[in-house]
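Participant: no sequence for this one, just the structure:
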Ligand code: ARG
């Protein structure tokens, strides 16, 4: 096929190389944005009299028709379309004739692709943020439903101190809040209008970049044409944010996988989100959680692809940069799917309350309470810690748990113990006492959930 750039070429492009260098299959996601960008560009060209108003009007109509067709999924690409920009231009010329060739005045594909990607990412950032909010709502819901259930809080995967399950779950709410914050910040740097940078140097036409920015809803334009066509920081930033987000999702998945195992049995997942084994009839597998954990690797892979792609790349635009799109698109799709799946996963958690009670009855997670008790009575905490360590040792040697000890047994370890020590050794009193700001006591968690609900509904109102 004839190429728009073939003026200086004696020979046609080798067919395999044509196929090799085409990115149209990947680019189709950008069609809508490419056309919207061209619509703004042609309006500007007409307004600034860079081309006649009449020509601009004809091109505009052509583009608007193509946009309509795009929204109905009716665009027809050919294998000879090098990329989305060339494809749309070809469609335009087919539709309105040679006049369509004026569209590319004062523009290069180098600033055009930067625009398409920024327009695309603006939408996707909003979508991802909405999906994060959706997951946060589910978290709040499940936290509220299980507001007063105790679980053993773990550090080093060992029983540490009892905490409220609702408090544990709200930890993830907080992580997701930070993810949204990062995306919001990233959005600021995505939301800058690059068109007008041309291929590298700017353009000799009297373009009105601010006008294009206004039409497309950008609050600012880029400041340096060389930087504009060589910058992919905004994509790296988005995928970095996504990688951190996926890390959070994968940690919650890992918790759920462990907690739903036979050994732990803290939670059970609803049948509707589990699968069985083709061989072992008893199996019920937490595949959704495993898949999200696995898909995290894809997003990290995209991040590494992009870092490697951009490392040491000389200024300014290089064709290498065409490879940014598969990595970006895959990250976007993966993150969106995983956020939806994780919301379903969390919504289908059922706590095994009996089992949790039994587990907390037979562990040492209230040991710190006893040390705190002694420290409050004047014993230096380090000494109290040692003493309680000895009590735990005594229990292990005598096959007892802290709850089994009598007041007189406590007395043999220290005179500071009064009879009320027995009241301190329960998940209930342990959790109740953690009233420091951000601590796990019920009152705190309820307030935390209220605040979370308020902040979410405020965000929705925006
Ligand atoms: N399809 C290209 C990309 O994705 C657009 C820019 C191509 N520019 C060029 N001079 N070949 O990066």
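Facilitator: Thanks, I have it. Small disclaimer: the values here were computed from a predicted structure and weren't measured.
Participant: Tell me the spacing between the residue of the stretch 301-450 of the chain found nearest the ligand and residue 224.
Facilitator: The nearest approach of the stretch 301-450 of the chain to the ligand comes at residue 322, 3.8 Å away (C-beta to the nearest ligand atom). (Glycine included, C-beta is placed from N, CA and C.) In this view, residue 322 and residue 224 are 22 Å apart by C-beta to C-beta, to the nearest Å.
Participant: With neighbour numbers in mind, choose between these two.
Facilitator: More crowded of residue 322 and residue 224, by other C-beta atoms under 10 Å: residue 322, with 18 against 12.
Participant: give the contact list for residue 153.
Facilitator: 159, 160, 161, 162, 163, 168, 365, 440 (C-beta atoms under 8 Å, 6 or more residues apart in numbering).
Participant: ok but the fifth one is inside a strand, no?
Facilitator: Pointing back at residue 163 there. Yes: under DSSP: H, G, I helix; E, B strand; the rest coil, residue 163 sits within a strand.
Participant: ranges for the helices of the stretch 101-250 of the chain?
Facilitator: 109-145, 165-190, 209-215, 225-230, 233-259 (DSSP state H, counting those that start in this stretch).
Participant: For stretch 66-80, give me every contacting residue.
Facilitator: If you take C-beta under 8 Å, 6+ apart as the criterion, stretch 66-80 is touched by 1, 18-19, 22, 24, 28, 31-32, 35-36, 39, 87-88, 90-92, 95.
Participant: Show me which positions of that stretch end up buried.
Facilitator: Applying a neighbour-count criterion of 16 or more other C-beta atoms under 10 Å, one finds 66, 67, 69, 70, 75, 77, 80 buried in stretch 66-80.
Participant: How about stretch 85-93?
Facilitator: 85, 86, 87, 88, 89, 90, 91, 92, 93.
Participant: Just send these back as JSON lines, with pLDDT too.
Facilitator: Putting these into JSON lines (pLDDT from 0 to 100) gives the following:
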{"residue": "85", "pLDDT": "97"}
{"residue": "86", "pLDDT": "96"}
{"residue": "87", "pLDDT": "97"}
{"residue": "88", "pLDDT": "98"}
{"residue": "89", "pLDDT": "97"}
{"residue": "90", "pLDDT": "97"}
{"residue": "91", "pLDDT": "97"}
{"residue": "92", "pLDDT": "98"}
{"residue": "93", "pLDDT": "97"}
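Participant: In strands, which of these fall?
Facilitator: Within those, no residue falls in strands by DSSP state E.
Participant: Could you single out the nearest of those to the ligand?
Facilitator: residue 85 (6.3 Å).
Participant: all strands of this structure, in order?
Facilitator: 150-155, 158-164, 267-269, 349-351.
Participant: And for the second one, what's in contact with it?
Facilitator: So the one you mean is strand 158-164. 147-154, 360, 363-366, 368, 427, 430-431, 434, 440, 442, 445.
Participant: can you check the third one too?
Facilitator: Residues outside strand 267-269 that contact it (C-beta under 8 Å, 6+ apart) are 256, 259, 260, 284, 286, 345, 348, 349, 350, 351, 352.
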